[in-house]
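Enquirer: Okay, here's the prediction I keep looking at, along with the sequence it came from:
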Amino acid sequence: MGLLIALYGVAAYAIFLATFVYAAAFTGNVFVAKSIDVGIPPSASGEPLGVSWLVDVLLLALFAVQHSVMARPAFKRWWTRLVPKPAERATFVLLASLALILLFAQWRPLGAVVWNVSSHAAGLVLSTAVFALGWLLVLASTFQIDHFELFGLKQVWWRLTGRREAVVQFRTPLFYRHVRHPIYLGFILAFWSTPVMTAGHLLFAVMTTGYILVGIWFEERDLVAQFGQRYRDYREQVGMLWPRLGLRVRGWVRP
Ligand SMILES: C[S@@+](CC[C@H](N)C(=O)[O-])C[C@H]1O[C@@H](n2cnc3c(N)ncnc32)[C@H](O)[C@@H]1O
């Protein structure tokens, strides 16, 4: 059973990794044939424009609902009566990846241009740099908080080796000393930084940013329930998505 769960965890992680790389290419319109702005537009497919908008909204909503519901402790308590506890995180990661794969496959490009700075060297360089920085921030932050636990590999490894699952630790390494949500900040930077902002890309950026803000509210409510005053103190001293300049944040974090 332990081996089966481990193989399942590794498969879920491999699918996540491929999805993560594709997501960067998809939002950057690079290296892939179908991306946020490249594909068959409604004008060519004959689909009414309103239907294309609706499909995109529903695809984003599906991801948001899956992610929000499955991340809540009450859902996890119920869910782990059906799914082995060590496979819970891997299943969350797998279903999130499948929701994204569906989005990549079914996304309708909506090409109306909102802004275009691609003819200005500074605009092109800056938007590309911030886009790359955003994705790097996401990846680096996952390693700071605990990459392999976040994506379910540690849990299946503990099951395989007969170790008891470790209690989740409250961590404030490097980036987390400056902002409480560096992973989400990275996503926001990556999604908004584009030399050519189309209507479809703007829809994606607005909806994901809105979802992130709502997600933060739920996540922090759970973190306060889990870590109590420590998290309240942290919230007082460290900015949510932007550093609070001039505040010293060292010295107060308990090991
Ligand atoms: C996708 S991660 C995002 C973490 C963080 N919101 C960010 O943007 O970097 C979500 C998981 O990280 C956990 N988490 C968030 N902040 C944490 C912290 N400072 N220490 C430990 N776990 C944390 C949450 O409980 C949740 O399970």
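Expert: Happy to help now that I have it.
Enquirer: The ligand contacts on the stretch 151-255 of the chain?
Expert: Taking Cβ under 6 Å from any ligand atom as the criterion, the stretch 151-255 of the chain approaches the ligand at residues 170, 171, 172, 176, 181, 182, 183, 184, 219, 223. The way it works is simple: take the backbone N, C-alpha and C, and place the C-beta from them, glycine included.
Enquirer: Secondary structure of the second one: a strand, I assume?
Expert: I take that to be residue 171. No - read with DSSP: H, G, I helix; E, B strand; the rest coil, residue 171 is coil and lies in no strand.
Enquirer: Any idea how many residues pack against the closest residue to it other than its chain neighbours?
Expert: Distances taken as Cβ to Cβ, 6 or more residues apart in numbering place residue 145 nearest to residue 171, at 5.7 Å, with adjacent residues excluded. Residue 145 has 17 neighbours, counted by other Cβ atoms under 10 Å.
Enquirer: Show the contacting residues for residue 145.
Expert: The contact partners of residue 145, by Cβ atoms under 8 Å, 6 or more residues apart in numbering, come to 171, 173, 176, 183.
Enquirer: Okay, and residue 105 sits in which element?
Expert: Using DSSP states H and E, residue 105 sits within helix 88-106.
Enquirer: ugh, wrong one, I meant residue 114
Expert: Counting by DSSP H and E, residue 114 is part of strand 113-116.
Enquirer: Which helix or strand lies directly C-terminal to that strand?
Expert: Next along from strand 113-116, by DSSP H and E: helix 121-145.
Enquirer: Contacts for the lowest-mean-pLDDT helix or strand in the chain, please.
Expert: Of all helical and strand segments in the chain, the minimum by mean pLDDT, DSSP states H and E falls on helix 42-45, at a mean of 86. With Cβ under 8 Å, 6+ apart as the test, helix 42-45 has contacts from 48, 49, 51, 52, 108, 110, 111.
Enquirer: Same check on stretch 49-63?
Expert: 41-42, 96, 99-100, 102-103, 106-108, 110, 200, 203-204, 207-208, 211.
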